[in-house]
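> One predicted model, sequence on top.
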Amino acid sequence: MTHTNSVSSFTPYLAVFDLDETLIAADSASLWSAYLVEQGIAPASLLATEQAMMADYSQGNMDMNVYMTATLAPLVGMHMDEVANLVDDFITSHIQPAIYEDAIARIQWHKQRGDTVLVISATGEHLVTPIARLLGADDALAINVQLDNGIITGNTTHTLCYQHGKVIRMKAWLEDNPKMFKGSYGYSDSINDLPLLEAVDRPFAVNPDPTLALHAQLNEWTIMDWRHDNNILR
């Protein structure tokens with residue numbers, strides 16, 4: 001995938017990163033559901049529901065519309081500003097301790113080269129955008145949350161940033177971005193991101209699930225093992 005809208009004296013690469021289990025040693029959406037239960041905003045039953053749907057995700061069979069409806073339900077009627085305040089606290093308490101040091105190093109490696117770093121995640125934008133900013137990404141694509149005068153409706157908008165939808169959203173982003181890229185890198189842990197990894201020039205499987213690991217081996221993709229000692233799940 002090479003994008004050629006304009007020409008400059010220096011041509012960077014585009015570095016595309018999945019978020020959950022790739023840049024962080026956890027799933028941000030699952031942690032967020034647990035956080036909402038801790039705060040008394042969501043019922044405890046959400047955890048069992050979310051866990052069952054995440055089992056489908058690991059097999060590449062999740063219905064993302066159903067998932068988003070269930071996980072956005074506790075936020076319906078809340079103003080996005082109120083949610084943003086909760087997200088700030090959530091990032092400090094749950095996300096920062098889960099960040100892979102190797103992920104930060106890889107992002108910095110790209111930035112030092114002059115590359116553009118784009119996070120693409122199948123998680124709601126209310127979580128992904130501030131997390132991507134914390135990680136030093138230049139931009140982020142995520143599942144768009146519908147607002148009515150700043151109030152969360154519980155619905156989503158646009159193409160869901162999930163499986164092949166990530167490729168659709170990335171291509172639309174490239175069309176809107178005036179920069180030319182020499183080529184593209186892609187990083188993910190999940191078989192759900194196979195379409196995305198096949199759409200970039202240089203795919204990397206990061207701590208891949210078994211199905212993606214097999215695909216990476218058969219196609220001679222680089223497999224990266226990212227670990228750290230401060231994983232909050234330990």
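Cool, the structure landed. What you are looking at is a predicted structure, and each value in this text was computed from that prediction instead of being measured.
> Where does pLDDT dip in the chain?
1-9, 229-234 (pLDDT under 70).
> Now with 90, please.
For the chain, the stretches with pLDDT under 90 are 1-11, 50-62, 177-180, 227-234.
> got the residue ranges for the strands in it?
Taking DSSP state E to define them, one finds strands in the chain at 14-17, 116-124, 139-148, 151-157, 184-188, 202-206, 222-224.
> Check which residues of the fourth one are buried.
Neighbour counts using 16 or more other CB atoms under 10 Å place Ile152, Gly154, Thr156 of strand 151-157 among the buried residues. Using the backbone N, CA and C atoms, a C-beta is placed for each residue, glycine as well.
> So which of these is the closest to Glu38?
When these are compared for distance to Glu38 (CB to CB), Ile152 wins out at 19.4 Å.
> how about that closest one, what does it touch?
Taking CB atoms under 8 Å, 6 or more residues apart in numbering, we find Ile152 in contact with Leu72, Leu75, Val76, Gly77, Met78, His79, Met80, Val83, Val145, Gln146.
> Any of those buried? List them.
Leu72, Leu75, Met80, Val83, Val145.
> JSON lines for these, including distance to Tyr162?
Converted to JSON lines, those look like this (distance: CB to CB, whole Å):
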{"residue": "Leu72", "distance to Tyr162": "15"}
{"residue": "Leu75", "distance to Tyr162": "19"}
{"residue": "Met80", "distance to Tyr162": "22"}
{"residue": "Val83", "distance to Tyr162": "21"}
{"residue": "Val145", "distance to Tyr162": "14"}
